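Enquirer: whatever this is, show me its structure:
(chains A and B)
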There are 2 protein chains.
Amino acid sequence: MPDPTARHRVVILGGGFAGLQAAFALKKADADVTIVDRQNHHLFQPLLYQVATASLSPADIAAPIRHIVKGVRNCRTVLARAKRVDADRRVVVLDEGEIPYDTLVLATGVRHAYFGHDEWEAHAPGLKSLDDALRIRDRFLLAFEQAELEEDPEKRRAALTFVIVGGGPTGVELAGAMAEIARRAMKKDFRRIDPSTARVILIEGEDRVLNAFDRKLSNRARADLESLGVDVWLNTRVTGVDEGGVEVGDERIASRNVVWAAGVEAQGVGGSLGVETDRSGRVPVEPDLTVPGRPEIFVLGDLAKITDPRTGEDVPGIAPAAMQMGKYAGRRIRERLEGRASDAPFRYTDKGMLATIGRARAVGSIAGIKMAGFVAWFLWAAVHIFFLIGFRNRLVVVISWVWAYVTFQRGARIIVPEHEDERIEEDTPASSGV
Amino acid sequence: MPDPTARHRVVILGGGFAGLQAAFALKKADADVTIVDRQNHHLFQPLLYQVATASLSPADIAAPIRHIVKGVRNCRTVLARAKRVDADRRVVVLDEGEIPYDTLVLATGVRHAYFGHDEWEAHAPGLKSLDDALRIRDRFLLAFEQAELEEDPEKRRAALTFVIVGGGPTGVELAGAMAEIARRAMKKDFRRIDPSTARVILIEGEDRVLNAFDRKLSNRARADLESLGVDVWLNTRVTGVDEGGVEVGDERIASRNVVWAAGVEAQGVGGSLGVETDRSGRVPVEPDLTVPGRPEIFVLGDLAKITDPRTGEDVPGIAPAAMQMGKYAGRRIRERLEGRASDAPFRYTDKGMLATIGRARAVGSIAGIKMAGFVAWFLWAAVHIFFLIGFRNRLVVVISWVWAYVTFQRGARIIVPEHEDERIEEDTPASSGV
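Expert: Residues are numbered from 1 along each chain as shown, chains lettered A, B, ... in the order given. Got it, this is the predicted structure:
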């Protein structure tokens, strides 16, 4: 039980879109706010695929959480990993120690899920963190290097076959970018292989890509992908992933580069609340985003399962929804502390959706207006620049995009070996070495 | 023995400043040129310390070697690690396979040396590769996070004590940058600690920093460092480095962050030539940069030990010297192939030296003119931008510098956990998670 004389303690788990908005909304609240995240940075996930495809650097789409909230003087930031929530004792259990709370904001997001085949992960990394993105980038760039050295045509073909599993926005954006880089950016760089012979296969289980979008736009996206040279396989389910490639039914695709963009599941922490979660681990919440029977615990962002009463559909797991939830929760908490609690439920305002396919190509609908091609792409770019945090990042990203658009090049085509390798190879030159 | 009917094969080990210049100079030569490097990128080492101190991103100072030389149509690039040179059989032995050569250009550079105390490396990383820089950046940023959580004042002090061993350009630049970041960039970010209380200690064995420079400039550099809050310890030799800190004689500095910038040694490959090398493993070369008795083997850059007959001093291990050697060697090889071999020896043109201390502070001498302060700093900036490869990189670096100058901020203050950690913590949120 909280000490009534002490100041109200709000603990926010996760410095993503939802968590940060909640913190901002609590700026003037009479409470001590603590953001706990195991990363020191907020990540602008919508552009993560551009790090994975060597267009942007990690720092361009990330900023230190404590720097972002430095103006929120009643908010401190803790770099730590939460193991679980003890809702009865009202504490968050960390790797080391505990943090007590009076109000808890759970916004730890989701990570990629392998439908019970976690063994696939080693061969088909997902794309959720900067580390994931760098690993995918290294593998993608290394594939061409390996192919250049490979004598066996079979193996060379496997090295130059890229499979992306999952036709959602991330999968579509990855496939488009990879096809473009192979066909354009690397054109003249190799002597023995022709990078434009690389195969990019996008595998989707449903009958269309981007199935959160209008069917017209899905078809347009598919056409755009194919015009970029991407093989789009619809109604196809992956039945196996191993070192050598991917199995779809009785067909096998030999590939050394598989990326997983097929599904997400909520974080473990949500499960420790002792409430029923849905198949993908999301927590069903009340109309005010609190946990049933636990009014002091808010669940936000991708982690929350809530149906929009007006549309009857789930609020989508996208950044705008997370930000709206964060703002709402922060306000509700402040209102409670000021004794003017309203019972206005959370209302999701659909600002529309956008997804890029590649160079000057995108699809989307904003305020009900469907759009595609350059207009959609330009809007996509503008919206993302606008929401990106930090003036420097905005400037650098714009420059990188303009530069890539004009030169067809990618600015971050470097492979930085894992520290592990580095240690093993300490006896060789570090930088300009062999 | 090479097959006389085959085209002449030039193998260049190392895609650093020397190796690239040699390749460019061989563009029109009647030879097949192969650059072998275990990194896929050329690294602009003079700015590496800015990656280590969160000012720049790795991609800003690196570019794919094969992309840099894509215009040199007779040059291919091989991403591989050379184990040794078999000078009698005229082959370079790689981890996998061999590459035969008719002419070999050895430009594998140097790495940090621990004077026979390799066990110090684990606690005092050096700064030679992008991976080194990212490791130092992570440790530097993590130190403040740990201090913020640390209850024990002793340990907090140790976490906020940074020791840089070695008062050469790298050590001076690191110390200055770290002091500035602690005092300015992080000022308002923390709640419990005051980053400006961080201690930055620069340890130098000689009686002055930057001892390759004029004594006046060394003194100025020292004064500038001290005005930034750096403790400069001269005539001090490190006698021990461990997890807990650094030992200098019978004094002990408790520190969790030690960086090694004290010495370099040549790469192992050079040793396999079967010629006498100097104490730091450099290969003494003839006036034409070839190995005594091996006219088909050139040794360039930091790896070459050659005395300038006019000054009686060794040609310094700096980028301009390496570039001049590369150009010279490439020309000599081409001349030989065209049957017009001259015996003009290598002549080093001293274009001067520059070193930054921090914000708008630098020292240097160009064409014999000594300079310090803003002028030197502006010149330093201009020269480095000029030699940086790639228009995009130049633009992004200029913007980052202007931005840092105006805002006192650093653009790349993110911690990306090693892949290892990531694997261990796969069960936690990857990006916005806890």
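Enquirer: can you count the residues close to A:Val93?
Expert: For A:Val93, the count of nearby residues is 16 (other C-beta atoms under 10 Å in any protein chain shown). In this view, the C-beta of every residue, glycine as well, is placed from N, C-alpha and C.
Enquirer: hang on, I meant A:Ile389
Expert: 14.
Enquirer: please apply the same query to the one 5 residues further on.
Expert: Counted with other C-beta under 10 Å, the burial measure for A:Arg394 works out to 16 neighbours.
Enquirer: ok, which stretches of the stretch 151-300 of chain A are helices?
Expert: A:153-159, A:169-180, A:215-227, A:268-271 (DSSP state H, counting those that start in this stretch).
Enquirer: any idea which of those helices gets closest to B:Asp86?
Expert: Taking C-beta to C-beta as the criterion, helix A:153-159 is the member of those that comes nearest to B:Asp86, at 27.5 Å.
Enquirer: for the closest one, name the packing helices and strands.
Expert: If you count contacts as 3 or more C-beta pairs under 8 Å, 6 or more residues apart in numbering or on different chains; DSSP states H and E, helix A:153-159 packs onto helix A:130-149, strand A:251-254.
Enquirer: for stretch A:171-184, the distance to its chain's centre please.
Expert: Here stretch A:171-184 shows a centroid-to-chain-centroid distance of 18 Å under the convention C-alpha atoms, centre = their mean, to the nearest Å.
Enquirer: list the buried residues in that stretch.
Expert: Buried positions in stretch A:171-184, judged by neighbour count with 16 or more other C-beta atoms under 10 Å in any protein chain shown: A:171-184.
Enquirer: in JSON lines, list these along with distance to B:Val10 and pLDDT.
Expert: Shown next, in JSON lines, are the buried residues of stretch A:171-184 (distance: C-beta to C-beta, whole Å; pLDDT from 0 to 100):
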{"residue": "A:Gly171", "distance to B:Val10": "44", "pLDDT": "96"}
{"residue": "A:Val172", "distance to B:Val10": "45", "pLDDT": "97"}
{"residue": "A:Glu173", "distance to B:Val10": "42", "pLDDT": "95"}
{"residue": "A:Leu174", "distance to B:Val10": "39", "pLDDT": "96"}
{"residue": "A:Ala175", "distance to B:Val10": "40", "pLDDT": "97"}
{"residue": "A:Gly176", "distance to B:Val10": "40", "pLDDT": "95"}
{"residue": "A:Ala177", "distance to B:Val10": "36", "pLDDT": "95"}
{"residue": "A:Met178", "distance to B:Val10": "34", "pLDDT": "95"}
{"residue": "A:Ala179", "distance to B:Val10": "35", "pLDDT": "95"}
{"residue": "A:Glu180", "distance to B:Val10": "34", "pLDDT": "92"}
{"residue": "A:Ile181", "distance to B:Val10": "30", "pLDDT": "91"}
{"residue": "A:Ala182", "distance to B:Val10": "29", "pLDDT": "90"}
{"residue": "A:Arg183", "distance to B:Val10": "31", "pLDDT": "88"}
{"residue": "A:Arg184", "distance to B:Val10": "30", "pLDDT": "85"}
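Enquirer: please settle this for me: is A:Val105 part of a helix?
Expert: No: counting by DSSP: H, G, I helix; E, B strand; the rest coil, A:Val105 falls outside a helix, being strand.
Enquirer: returning to what we had before: and among the helices and strands packed on helix A:153-159, the most buried is which?
Expert: helix A:130-149 (a mean of 22; mean count of other C-beta atoms under 10 Å in any protein chain shown).
Enquirer: that one close to chain B?
Expert: Yes: contact between helix A:130-149 and chain B, assessed by C-beta under 8 Å from any C-beta of the partner chain, occurs at A:Leu130, A:Asp131, A:Asp132, A:Leu134, A:Arg135, A:Leu141, A:Leu142, A:Glu145, A:Glu148, A:Leu149.
Enquirer: so the first one sits against A:Leu47, correct?
Expert: Looking back up the chat, that one is A:Leu130. No: using C-beta atoms under 8 Å, A:Leu130 is not in contact with A:Leu47; the gap is 11.0 Å.
Enquirer: tell me the strands in the stretch 151-300 of chain A, going along the chain?
Expert: A:161-165, A:199-203, A:230-233, A:240-242, A:245-248, A:251-254, A:257-260, A:264-266, A:283-284, A:290-291, A:294-299 (DSSP state E, counting those that start in this stretch).
Enquirer: by mean pLDDT, show me the worst of those strands.
Expert: Ranked by mean pLDDT, these end with strand A:264-266 at the bottom, a mean of 83.
Enquirer: name the helix or strand for the residue nearest to A:Cys75 when sequence neighbours are not counted, please.
Expert: Of all residues not flanking A:Cys75 in the chain, A:Val33 sits nearest, at 4.1 Å (C-beta to C-beta, 6 or more residues apart in numbering or on different chains). Applying DSSP states H and E as the criterion places A:Val33 in strand A:31-37.
Enquirer: hmm, who's touching that strand?
Expert: Applying C-beta atoms under 8 Å, 6 or more residues apart in numbering or on different chains, the contact partners of strand A:31-37 are A:7-15, A:19-20, A:23, A:26, A:65, A:69, A:72, A:74-80, A:82, A:92, A:94, A:99, A:101-103, A:333-334, A:337, B:432-434.
Enquirer: about what we covered before: what's the closest of the strands of the stretch 151-300 of chain A to B:Val264?
Expert: strand A:257-260 (37.0 Å).
Enquirer: how far does that closest one sit from the chain's center?
Expert: Using C-alpha atoms, centre = their mean, the offset of strand A:257-260 from its chain centre is 15 Å.
Enquirer: also stretch A:347-355?
Expert: 17 Å.
Enquirer: that older thread, can I get the strands of the stretch 151-300 of chain A in JSON lines with distance to A:Ala54?
Expert: Formatted as JSON lines, the strands of the stretch 151-300 of chain A follow (distance: least, C-beta to C-beta, whole Å):
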{"stretch": "strand A:161-165", "distance to A:Ala54": "13"}
{"stretch": "strand A:199-203", "distance to A:Ala54": "15"}
{"stretch": "strand A:230-233", "distance to A:Ala54": "17"}
{"stretch": "strand A:240-242", "distance to A:Ala54": "23"}
{"stretch": "strand A:245-248", "distance to A:Ala54": "23"}
{"stretch": "strand A:251-254", "distance to A:Ala54": "23"}
{"stretch": "strand A:257-260", "distance to A:Ala54": "14"}
{"stretch": "strand A:264-266", "distance to A:Ala54": "24"}
{"stretch": "strand A:283-284", "distance to A:Ala54": "36"}
{"stretch": "strand A:290-291", "distance to A:Ala54": "41"}
{"stretch": "strand A:294-299", "distance to A:Ala54": "36"}
